[in-house]
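Q: sequence? don't have it. structure:
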């Protein structure tokens, strides 16, 4: 049961970080700086235009603490945690993207 709660929290955190990076007004000055630095059609500018693209990177940030807990409490080797973390991060990113679509933000 605790793993399900951790998954829900991780998906919610990823959706929240994605929304923060793409839509929320508080991050608008940061987005302006990224667009000025990266250019009109630069990699980072395009990354901010797509919810699915942004959620992949924000899920890596959200899944990282969970991997640290898995290593600490489950005696999971770091290499195994990283190998498991890649597909988990991708799945969390997709679920967060779907959550944002349901909210109507994309």
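A: Looks like it arrived, so ask away. What you are looking at is a predicted structure, and each value in this text was computed from that prediction instead of being measured. Numbering: from 1, shown residues only.
Q: need the longest helix for the chain.
A: Scanning the chain for the longest helix, with DSSP state H as the assignment, gives helix 78-103.
Q: what distance separates that helix from the middle of the whole chain?
A: Shown here is helix 78-103, whose average C-alpha point lies 8 Å from the average C-alpha point of the whole chain (CA atoms, centre = their mean, to the nearest Å).
Q: same deal with stretch 6-22?
A: The gap between where stretch 6-22 is centred and where its chain is centred comes out at 6 Å by CA atoms, centre = their mean.
Q: circling back: helices and strands around the longest helix of the chain, which ones?
A: For helix 78-103, the contact count by 3 or more CB pairs under 8 Å, 6 or more residues apart in numbering; DSSP states H and E identifies helix 2-22, helix 51-73 as packing neighbours. No exception for glycine: its C-beta is placed from N, CA and C like everyone else's.
Q: Any stretches of the chain with poor pLDDT?
A: Low-confidence segments of the chain (pLDDT under 70): 105-106.
Q: For it, list the residue farthest from the centre, please.
A: Computed with CA atoms, centre = their mean, the maximum C-alpha offset from the centroid of the chain is found at residue 75, amounting to 25.1 Å.
Q: How is that one assigned, secondary-structure-wise?
A: Reduced to three states with DSSP: H, G, I helix; E, B strand; the rest coil, the structure at residue 75 is coil.
Q: Need phi/psi at it.
A: For residue 75, the backbone dihedrals are phi 50, psi 40 (criterion: degrees, to the nearest 10).
Q: and residue 93, how many residues sit next to it?
A: The burial metric for residue 93, expressed as a neighbour count using other CB atoms under 10 Å, is 26.
Q: Identify the residues contacting it.
A: 14, 52, 55-56, 58-59 (CB atoms under 8 Å, 6 or more residues apart in numbering).
Q: Next, format the residues you listed as CSV and append neighbour count.
A: Compiled in CSV, those are given as follows (neighbours: other CB atoms under 10 Å):
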residue, neighbour count
14, 29
52, 15
55, 31
56, 20
58, 25
59, 28
